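Colleague: Return a 3D structure for these sequence lines:
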Amino acid sequence: MEKRFPRFQLYTKREALDKMLFGSARMSQRFSERLGDLVAVPDCDESLLYPFLRTKSMDYYSYLGQHGGLTTEEQQVPLLMMRK
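Modeller: Numbers count the residues shown, from 1 in each chain. Got it, this is the predicted structure:
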């Protein structure tokens, strides 16, 4: 798979969890069930898209919230917190 996706780092489920790619919090059962056997993380400005998700009413480029790369821009995002 590395040859097919050279700009992505591929991890097994266990490797991704050991590297805390999803944070250090305890993983819920639901998350564990939804997480695939492999995790592909881009180290560039590319992404993977499953073609069956695209319909006539869904445009891939309209997804403004897509993120998850290993670039500095993806890892260091602003956070604003407010206490009541």
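Colleague: Could you double-check that L21 lies in contact with V41?
Modeller: Yes - counting by C-beta atoms under 8 Å, V41 is a contact partner of L21 at 6.8 Å. In short, each C-beta sits where N, CA and C put it, glycine included.
Colleague: model confidence over stretch 30-46, on average?
Modeller: Mean pLDDT, computed over stretch 30-46, is 83.
Colleague: Can you give me the buried ones in that stretch?
Modeller: Within stretch 30-46, the residues that qualify as buried are 39-42, counting by 16 or more other C-beta atoms under 10 Å.
Colleague: Distance to L17 and secondary structure added to those residues, as JSON lines?
Modeller: Formatted as JSON lines, the buried residues of stretch 30-46 follow (distance: C-beta to C-beta, whole Å; DSSP: H, G, I helix; E, B strand; the rest coil):
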{"residue": "V39", "distance to L17": "9", "secondary structure": "strand"}
{"residue": "A40", "distance to L17": "15", "secondary structure": "strand"}
{"residue": "V41", "distance to L17": "13", "secondary structure": "strand"}
{"residue": "P42", "distance to L17": "19", "secondary structure": "strand"}
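Colleague: any chance of these in a markdown table, plus distance to P6?
Modeller: As requested, these are exported to a markdown table (distance: C-beta to C-beta, whole Å):
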| residue | distance to P6 |
| --- | --- |
| V39 | 16 |
| A40 | 11 |
| V41 | 13 |
| P42 | 11 |
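Colleague: what's the closest of these to S28?
Modeller: S28 lies nearest to V39 out of these, by C-beta to C-beta, at 16.6 Å.
Colleague: R30 sits in which helix or strand?
Modeller: Under the criterion of DSSP states H and E, R30 resides in helix 29-34.
Colleague: quick one: contacts of that helix?
Modeller: Taking contacts as C-beta atoms under 8 Å, 6 or more residues apart in numbering, the residues outside helix 29-34 that touch it are F22.
Colleague: And the nearest residue to F8 once chain neighbours are set aside, how close does it get to R34?
Modeller: With C-beta to C-beta, 6 or more residues apart in numbering as the criterion, F8 has its nearest non-adjacent residue at 4.5 Å, and that residue is A40. Applying C-beta to C-beta, to the nearest Å, the value for A40 to R34 is 15 Å.
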